[in-house]
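# Coordinates only, no sequence provided:
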């Protein structure tokens, strides 16, 4: 069978409608005809279900020629093919002019199709070299029906899928610590005579020795000072002093991290440094005693809201988090904090 | 016991020499006296073995005051203390004016000390917020005796140790492929009628379908073209065309990656994309058939020779590599390629 291509859609006629749409969910039925997006036609050519596409100039394009033409994005083709190989029916949403511009494909639940009005995944397809603005991830997380998915085609044309969601962060960790006085020493605050609850229950800082002073990181100290629970010996404005020191050593990143630290503590969650995992924080939702500490649930990467992701960096973060049984969480900081969880998905 | 501090070294006298140097490897013996570096004195103060240090002005500093003074680097103190806690004797090399300026401590094998003339580790201590030039890592890898180690103190004063070494990269992978012709389609080269060895033995590219065309990445294609084994249909200069396309999509990074790709192939090693691990390449040293592919041994990150590392990024790479049982390898590209392996160390 051959189909016609007018530079926009590929038309396969009544026989095409029956064979492609009715039987296997390709294209959209239009007045007894079927309109195929170029990527769908490319897949039918690849499978040998279509022999060729004939354009307005009478040129007859087989798979190789059609894929190499400007009509088909290779990245979209690889994603389309992979999802078909996995047993899904899916519809291009952008080429057909429908739906959220940030999404390339609506993928139906296995066994369902475009006639069922149910969407499992909303998929955005990108090349591993593409810039992915944070707003794209927010859009995927915030969409209506179906899980938002970023599909990345790597340089060897292999696929990785990331589910992007908006998690609710809430915990029950103890945070009722009394006011303390500390001493700022370079990039740390030493509390020489800490109450037991400061570290032992609320998990602020680390002990210098087993039963001695507690050292607070700058962000822990600035957060405590901002909530009126820490004073610095010999300084009148602890919070200002600590924020200034933080900015000296980390720049604006310190302000973002402090914002996120505060938001997590307010949500009943304990943030501790994520350095060993290359992240800003690891978090514990339910700490009542450090001697009975559970597994930390999340790795948090703090970024400005206008950050642009490289897919390779996302792959690194998500892979690492998965390997240590934590959920990769992005905190986008602007006026407030927007949370996004990014996890590996095998559709 | 008290010691005197002249702004350079701390002197603890004959009794100090016996108690600190002879018995436990602190300081350097000088004419019946012992000269302690400030970080050593701080540790003795911390342990209560010294009561105070008295400076030239007659000020008596106990542990808190001495640690907070400019005499002692907190980062050095935390590293010194941690290594002592782990049962090592060690000597500051910088404060005493001896040794490689890039190294802070010479750490002796357990059970040995400064009198034994044997070094287990040469340790550079840095804060997690420090910039670490590639040259620092090269210096650690290239030193004479003992393993070069980067010790990173995180914001909560916890320690991570990375061993930095210069690995020998060599393999036995098959690479005897005949010349082929391909078609450049966007960022890939499609070889429509590939010889079996291209993918099946030499592991170039991926198959588009199980027995069909082979798609090559740009870097694979450029490397093959550079070695006269790939021509592009309809183009006269395949190598130039591919390098130009690579630079369009990756900038100078493409040249560096191609240099490293070529070096690995020359060494008998197969590089494949490391995208899923957030790296440039994963490598296979012994491929004779793709159907009998072993585990890839290394993750390679390609960087310019003047790159400055953030310890947090190193932590991320090393942690991930460890989790997938591969060795994190840095390829520094300048005129040639310098290889560094970075692995987590528990001293």
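Right, received. Where do you want to start? Computed from a predicted structure; not experimentally measured.
# Hmm, residue A:339 and residue A:169 touching each other?
Yes: Residue A:169 sits in contact with residue A:339 when judged by Cβ atoms under 8 Å, with a separation of 5.7 Å. (C-beta placed from N, C-alpha, C; glycine too.)
# Is stretch A:61-75 in proximity to chain B?
Yes: when contact is scored as Cβ under 8 Å from any Cβ of the partner chain, part of stretch A:61-75 falls within range of chain B: A:64, A:67-68, A:73-74.
# How far does the biggest helix by length in chain A sit from its chain's centre?
Longest helix of chain A, by residue count under DSSP state H: helix A:252-266. On the basis of Cα atoms, centre = their mean, to the nearest Å, the separation between the geometric centre of helix A:252-266 and that of its chain is 19 Å.
# Contacts for it, please.
Contacts of helix A:252-266 from elsewhere in the structure, counted by Cβ atoms under 8 Å, 6 or more residues apart in numbering or on different chains, are A:169, A:175, A:218-220, A:222-223, A:226, A:243, A:246-247, A:250, A:270-271, A:280-281, A:283, A:300, A:302-304, A:331, A:333, A:336-337.
# if you set the cut-off to 7 Å instead, what comes out?
The contact list for helix A:252-266, computed with Cβ atoms under 7 Å, 6 or more residues apart in numbering or on different chains, reads A:169, A:175, A:219, A:222-223, A:226, A:246-247, A:271, A:280, A:283, A:300, A:302, A:304, A:331, A:333, A:337.
# Going through the residues you listed, which ones are buried?
With neighbours counted using 16 or more other Cβ atoms under 10 Å in any protein chain shown, these contain these buried positions: A:169, A:175, A:219, A:222-223, A:226, A:246, A:271, A:280, A:283, A:300, A:302, A:331, A:333, A:337.
# which of the residues you listed sit farthest apart?
By the measure Cβ to Cβ, the buried ones among the contacts of helix A:252-266 have their two most distant members at A:169 and A:246, which lie 22.7 Å apart.
# Where does the stretch 151-300 of chain A get nearest to chain B, which residue?
Going by Cβ to the nearest Cβ, chain B is nearest to residue A:278 of the stretch 151-300 of chain A, at 2.4 Å.
# looking at it, that residue is touching residue B:314, isn't it?
No: counting by Cβ atoms under 7 Å, residue A:278 sits too far from residue B:314 to count as a contact (8.2 Å).
# Residue A:115 and residue A:89: what is the separation?
Computed with Cβ to Cβ, to the nearest Å, the distance linking residue A:115 and residue A:89 is 10 Å.
# more neighbours, those two?
Neighbour tally, residue A:115 and residue A:89, criterion other Cβ atoms under 10 Å in any protein chain shown: the higher count belongs to residue A:89, 20 against 12.
# Show the pLDDT at that one.
Confidence at residue A:89, expressed as pLDDT, is 98.
# Kindly report the same for residue A:145.
The confidence metric pLDDT takes the value 85 at residue A:145.
# count of residues packed around it?
Under the neighbour criterion other Cβ under 10 Å, residue A:145 is assigned a count of 11.
# check contacts around it.
If you count contacts by Cβ under 7 Å, 6+ apart, then residue A:145 has residue A:119 around it.
# Tell me the secondary structure of residue A:303, please.
Of the three states, residue A:303 takes strand according to DSSP: H, G, I helix; E, B strand; the rest coil.
# Was I right to think it contacts residue A:332?
Yes: applying Cβ under 7 Å as the test, residue A:303 and residue A:332 come out as touching, 5.9 Å apart.
# Could you name every residue contacting both of those two?
Shared contacts of residue A:303 and residue A:332, defined by Cβ under 7 Å, 6+ apart, are found at residue A:134.
# When the two are compared, which one has more neighbours?
It is residue A:332, of residue A:303 and residue A:332, that has more neighbours when counted by other Cβ under 10 Å, with 22 against 19.
# now the host helix or strand of that one against helix A:252-266, angle please.
Here residue A:332 sits within strand A:327-333, counting by DSSP states H and E. Between the direction of strand A:327-333 and that of helix A:252-266, the angle (axes from the mean of the first three to the mean of the last three Cα atoms, to 10 degrees) works out to 120 degrees.
# Can you name the residues in contact with strand A:327-333?
Contacts of strand A:327-333 with the rest of the structure, by Cβ under 7 Å, 6+ apart, involve A:134, A:167, A:256, A:259-260, A:297-305, A:307, A:317-318, A:321, A:337-343.
# ChimeraX command for the buried members of those?
Here the buried members of the contacts of strand A:327-333 are turned into a ChimeraX selection, burial being counted by 16+ other Cβ under 10 Å:
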select /A:134,256,259,260,297,298,299,300,301,302,303,305,307,317,318,321,337,338,339,340,341,342,343
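# what secondary structure does residue A:174 sit in?
For residue A:174, the secondary structure call by three-state DSSP comes out as coil.
# Could I get the full set of strands for the stretch 1-150 of chain A?
Counting by DSSP state E, counting those that start in this stretch, the stretch 1-150 of chain A has these strands, from start to end: A:2-5, A:10-11, A:28-30, A:33-36, A:52-55, A:60-61, A:90-92, A:105-107, A:121-127, A:132-133, A:147-153.
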